[in-house]
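Participant: predicted model and sequence follow; I will ask about them next.
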Amino acid sequence: MLSLFQKRVLLILTLLALWEIFPRTGMVDRLLIPPLSAVLQTAYDLFVHGDLMKHTTLSLKRALVGLFAAVFLGLPLGLLLGGWFPRLQQAVEPLMELFAQANPVVLAHIIIFFLGVGEVARTFIIGWLCIWPIIFCSISGIHSVDQQLLKAARSMGLGRLRLFTQVVLPSSAPSIFTGVRLAAGYAFIMLIASEMMGANTGLGYFVVMSQESYQVTNVFAGALIVTLLAVATDGLIRYAEKRIVIWDAAGREDFLNLKSSAAGSG
């Protein structure tokens, strides 16, 4: 019986094999979908002899700066609204939902109109789209903390700060990381859109220029690199989550005892 990880690897390898086989056997027109080997060879050549490395570096920098800005602003805001100022959250939540549902492509044109075509505008566009899942997931994580656990923690004399750092924040951390992972995916989506509007560098610009010159293999190479960057970023966030959202032996025992006390008091 294959494990879940083995099944996922097998599925990915199967899809990659089909990508290589279908164009080479004529089942798919290779002028529309080139073989995987041709895409990889093109990407290698452009990295070594072309300027694809420069485009990739700039795009990765823009995506990460926008994501980090969203985390830096959105995480404290979400924690404050969810845990400390519930009335303020109720007041501003409709406005936040309105902003979060705004069409990002239309909004990007408005931002460019005010900030111009430059790095500040592109970073702002990416950060704007990324901040909302972080805020909403942080609020949701705070609200999902076991109330009986909070009651037991208060009865044991934990002050407001210790209650937040030792109970609320660890309990809501999985939800927070979910928001960060969603934001990371949005960062690379909006990255390409922002680089397609007035930029002269980046993977989005590279894909547009390749499309206009009918270099299909280059288009697939750029799209593949964006996908790999997004997958790698998500993997790093998941790794960080596994390293951070843990309890040492003593902490785990204290947590279980506290939770047991909460259940008994309920």
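Facilitator: Arrived safely, thanks for sending. Numbers count the residues shown, from 1 in each chain.
Participant: so which residue is dead centre in the chain?
Facilitator: With distances taken as C-alpha atoms, centre = their mean, Ala184 lies nearest the centre of the chain, 1.7 Å away.
Participant: what about the spatially closest residue to that residue that is not a sequence neighbour, how many neighbours?
Facilitator: Closest residue to Ala184 apart from its sequence neighbours, by C-beta to C-beta, 6 or more residues apart in numbering: Thr233 at 4.9 Å. For glycine as for every other residue, the C-beta is placed from the backbone atoms N, C-alpha and C. When neighbours are counted by other C-beta atoms under 10 Å, Thr233 registers 20.
Participant: if we can go back for a sec, for the strand or helix carrying the residue nearest to the centre of the chain, packing partners?
Facilitator: Per DSSP states H and E: Ala184 is located in helix 169-195. Judged by 3 or more C-beta pairs under 8 Å, 6 or more residues apart in numbering; DSSP states H and E, the packing partners of helix 169-195 are helix 52-83, helix 104-115, helix 119-143, helix 203-212, helix 216-244.
Participant: how does it look with 6 Å?
Facilitator: helix 52-83, helix 119-143, helix 203-212, helix 216-244 (3 or more C-beta pairs under 6 Å, 6 or more residues apart in numbering; DSSP states H and E).
Participant: pretty sure the residue nearest to the centre of the chain sits against Gly235.
Facilitator: No. The criterion here is C-beta atoms under 6 Å, and Ala184 misses it with Gly235 at 10.1 Å.
Participant: poorly predicted segments of the stretch 151-266 of the chain, please.
Facilitator: 246-266 (pLDDT under 70).
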